[in-house]
Structures are given as C-alpha cells and as structure tokens.
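>>> A predicted structure for the sequence below; I have some questions about it.
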Amino acid sequence: MHSYLTHLECTRCHETHSADELHTTCPSCNKVLYARYDLDACRDAFSRDDLLGREGGMWRWSEIMPVRDAANVVSLGEGHTPLLHAEALGRRHAASRLYIKEEGLNPTGSFKARGLSAAVSRAKELGVRAAAIPSAGNAASALAAYGARAGMDVHVYMPADTPDMMKREAAAYGAHVHLVDGLIDAAGRHVRERAAVEGWFDVSTLKEPYRVEGKKTMGLELAEQFAWALPDAVLYPTGGGTGIVGMWKAFDELETLGWISSERPKMISVQADGCAPIVRAFEAGDDEAEPWEDAQTVAPGIRVPAAIADYLILAAIRESGGTALTVSDGEILDAIRTLAQVEGLFAAPEGAATYAAYAKLLDAGFLSPDERVVLFNTGSGLKTPDLI
C-alpha cells in the first residue's frame, strides 16, 4: 500500500493543514477539510491497469486513499458493490439505460460502511482510541462495527425514534448507545458536548476529513464500472450529502489522473418533502441552506435539518447542470414496493426515494428515457422492516 496523501485543504478558505495531525473542521473558518494527494506523482505510478490484479473492495484504490500503512486499514470488505442494470424497471419507462448502485450489500447493510471504514482507519493511524458519532441509525451501526474491529471505545447518539434494528445492531457491536430527544442535530449537540469533556474523537458527517474519502469510492467505482465513461445523471438521497460531494471529488481526481474526461453527470439531490433544506436553497438560488424546522419523513437517513456541506452540495448540483427535488413519504413507500416486486431489490426508504424522483423527472422532461442514469440505493430495506 502506498498513499499519495500530502495535506488537508479547507474547501472554503483554502488554508492548508498537516495531514499527520488530528483535525476536525478548518480551524480558521470551521468549514469542511478535504484530503489532498500528489496526483502528479500518482499519475506516473498508478494506472487503470493496476486495478485489474487487485482484490475487490474499497481499499484497492490505496494510492488515493488516506491511510499510509496497510496495518492500519480497518476493513470488513466494504465497497465494490454491484451496478445493477434495472431492465424490468426501465421497461416501465421505455428506458433501457437505467441502473441501480446497490449499496445495501455493504457491511452493516449501508453505504455508511465506506465512510466509517476510512474514518476509523485514519483515526487509528493517528492514535485515536475513542470515537463518537451522532446518527440517524446506519452511521451508528457502521461506526460501532468498525470501532469494534479497531479496538476503539465507541459512543453513538441517536434520536429516540431511530428504527429499533439500528439501535440493537449498534449495541450488539459493543457501542455505548445514547438515545436523545429530537433529531440528528440534537444528537450532534450531545456529541460535541460530551466529546469535549471525555476526549472522544467526533466523526460527525464532514466534521472530520476522512469519511468523505470512503464515500468518494462510490464515484471511483462508477467510473470503472462504466469503462471510464461516466453516466448522464446520478440520483442520490441527500441528508448530510457526503455521497454527492465525495463522488464529485472523485471525478475531479480521476480527471487529474487522466483516467476520465471533463464530462460530468448531472448530480441530482433527492430529499423528502418533510425535510428539504437543500431543495429549498437550490430553488432560491442560495449558496447555503437554512436549517429545516420540524423535519419529518419515514426515511431516517434524509431527516437531516442542516448539513455542514450545504455549500459543497449546492455547488456540485449547479456545476453539473443537475437539480434538487422532493418526494413524498407516500411516493417513497410506493417506490419501496415497486423496487422489491419489479427488480427483487428491497431498498432502504432513502434509496427508494431516488426511483420516485426519477419517475418525476421523466414526467417533467428534465431527464429523458435514453439517458444513462444511476439511482443509488444507499441501504438495505431489512434495516427498516416496519415500513412494509
């Protein structure tokens, strides 16, 4: 394993920081830090052909991943998930190039495994022994699992109404499970208060630099699975938004390496109509999103009233010619049944939201049936069985 990691850079003020010190957000402006790599040197040493002889999984991209010593990689086999050609679903819309990226096959049943594998691995390398996270459910179980594998003490804070399966899963991995009144923003406040006192490392979404590095591997895989030609559009359920910004970062890095062209897919953010801060900001032409009051939806992963990366999400949507839209809870539940009965895929409600949004965008003419489109199912429906 050889990582070309060089430093951290603030995505807002562009101040640089050492990658070999523990960081959360930018000390100067409190915005998101990105890991940066020596891509010029990497280009000379790392080619697309190098991937051919490597084992599957997220860490096969080690040159542009943030861990320097393979002994510090904490893995459960995450990544390298299938890209399913949704032929039966496509026939309903006369769309022959509809695909589903099936993230529910990751360890702990969701895409959160990618981000937490990267965050825990780098935290281990930098000497962290205890970590904490606020979560709507899936991130908590993922941190609990990877923390257990790394030998870390893990504390997870979740809304009291988080699906029971996710609470039990985190507890089964040995995490200290704390339930709070309110939503994930309230859980985040508890984490910040307790972490400051107890010395826990806070791995909240994009409040440390490395979860996004795990999520960017979804974009790396899309490029490889489409033979280095990106799709026309990507529909992604948006809570904290790490998936959108991670893939956008991945595409830039691949272009710098010379592996893909400058063409980009339309990045499409899907939210629930009961919690849609990104959609509201996009429609208003704003660069940042105001917190959403009284957030409600059956999809816990997108019940996120405020995202620290709002400015990065909105920039990716606009730069790509994408859009942001909402779907109702009723449309989400209908989409769960349709995906299960037509494609044999039991999607998480967040993933099902992307199919509901796809149908609406076809009807509106924003997308055409002949475009190559990827829907992200970010988790397994088995985590929220009470919805069906």
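Noted; the coordinates are in hand.
>>> Just the buried residues of stretch 252-261, please?
The neighbour-count criterion (16 or more other C-beta atoms under 10 Å) identifies 252-255, 257, 259-260 as the buried residues of stretch 252-261. Backbone N, C-alpha and C define where each C-beta goes, glycine included.
>>> Export the residues you listed as a markdown table, with columns for pLDDT and distance to G322.
A markdown table is the format used below for these (pLDDT from 0 to 100; distance: C-beta to C-beta, whole Å):
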| residue | pLDDT | distance to G322 |
| --- | --- | --- |
| D252 | 98 | 16 |
| E253 | 98 | 19 |
| L254 | 98 | 18 |
| E255 | 98 | 18 |
| L257 | 98 | 24 |
| W259 | 98 | 22 |
| I260 | 98 | 18 |
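>>> Would you mark the buried spots in stretch 371-385?
371-381, 383-384.
>>> Do me a favour and average the pLDDT over it.
Mean per-residue pLDDT for stretch 371-385: 95.
>>> centre of the chain versus that stretch, how much separation?
Using C-alpha atoms, centre = their mean, to the nearest Å, the mean C-alpha position of stretch 371-385 is found 12 Å from that of the whole chain.
>>> next one: stretch 214-229
On C-alpha atoms, centre = their mean, the centre of stretch 214-229 falls 13 Å from that of its chain.
>>> Would you mind writing the CA trace of it as CSV?
The C-alpha atoms that make up stretch 214-229 are tabulated as CSV, following Å, rounded to 0.1, in the frame of the first residue of the first chain:
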residue,chain,number,x,y,z
GLY,A,214,-14.6,6.4,1.8
LYS,A,215,-17.7,7.8,0.1
LYS,A,216,-15.7,9.0,-2.9
THR,A,217,-15.0,5.4,-3.8
MET,A,218,-18.6,5.2,-5.0
GLY,A,219,-17.7,7.6,-7.7
LEU,A,220,-14.4,5.8,-8.4
GLU,A,221,-16.4,2.6,-8.9
LEU,A,222,-19.0,4.1,-11.1
ALA,A,223,-16.2,5.3,-13.5
GLU,A,224,-14.6,1.9,-13.5
GLN,A,225,-17.9,0.0,-13.9
PHE,A,226,-18.9,2.2,-16.9
ALA,A,227,-15.5,1.6,-18.5
TRP,A,228,-14.3,5.1,-17.6
ALA,A,229,-17.2,7.0,-19.2
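>>> If we go by neighbour counts, what in that stretch is buried?
Neighbour-count burial for stretch 214-229 flags 214-226 (criterion: 16+ other C-beta under 10 Å).
>>> quick one: average pLDDT of that stretch?
Rounded mean pLDDT across stretch 214-229 is 98.
>>> cool, and stretch 194-211?
If you average the per-residue pLDDT over stretch 194-211, you get 94.
>>> so the spatially most central residue of the chain is in which element?
For the chain, the residue lying nearest the average C-alpha position, counting by C-alpha atoms, centre = their mean, turns out to be G243 (3.2 Å). Under the assignment given by DSSP states H and E, the secondary-structure element containing G243 is helix 242-257.
>>> Next: A144.
Per DSSP H and E: helix 138-150 holds A144.
>>> Check which element follows that helix along the chain.
Once the chain leaves helix 138-150, the next helix or strand it forms, by DSSP H and E, is strand 153-159.
>>> Confirm for me that R192 is in contact with E198.
No. Between R192 and E198 no contact is recorded; they are 11.3 Å apart, counting by C-beta atoms under 8 Å.
>>> more crowded one of those two?
R192 (16 against 11; other C-beta atoms under 10 Å).
>>> Name the nearest residue to the more buried one, sequence neighbours excluded.
With C-beta to C-beta, 6 or more residues apart in numbering as the measure, D202 is the residue that lies nearest to R192, at 6.6 Å, once sequence neighbours are left out.
>>> Distance of A136 relative to G147?
Between A136 and G147 the distance, using C-beta to C-beta, to the nearest Å, works out to 18 Å.
>>> Which residue of those two possesses the greater neighbour count?
With neighbours defined as other C-beta under 10 Å, A136 and G147 compare such that G147 has more, 30 against 25.
>>> Please name the residues that touch the more buried one.
When contacts are counted by C-beta atoms under 8 Å, 6 or more residues apart in numbering, G147 is found next to 120, 131, 153-154, 173, 175.
>>> if you set the cut-off to 6 Å instead, what comes out?
Remark: with contacts taken as C-beta atoms under 6 Å, 6 or more residues apart in numbering, G147 is in contact with 131, 154.
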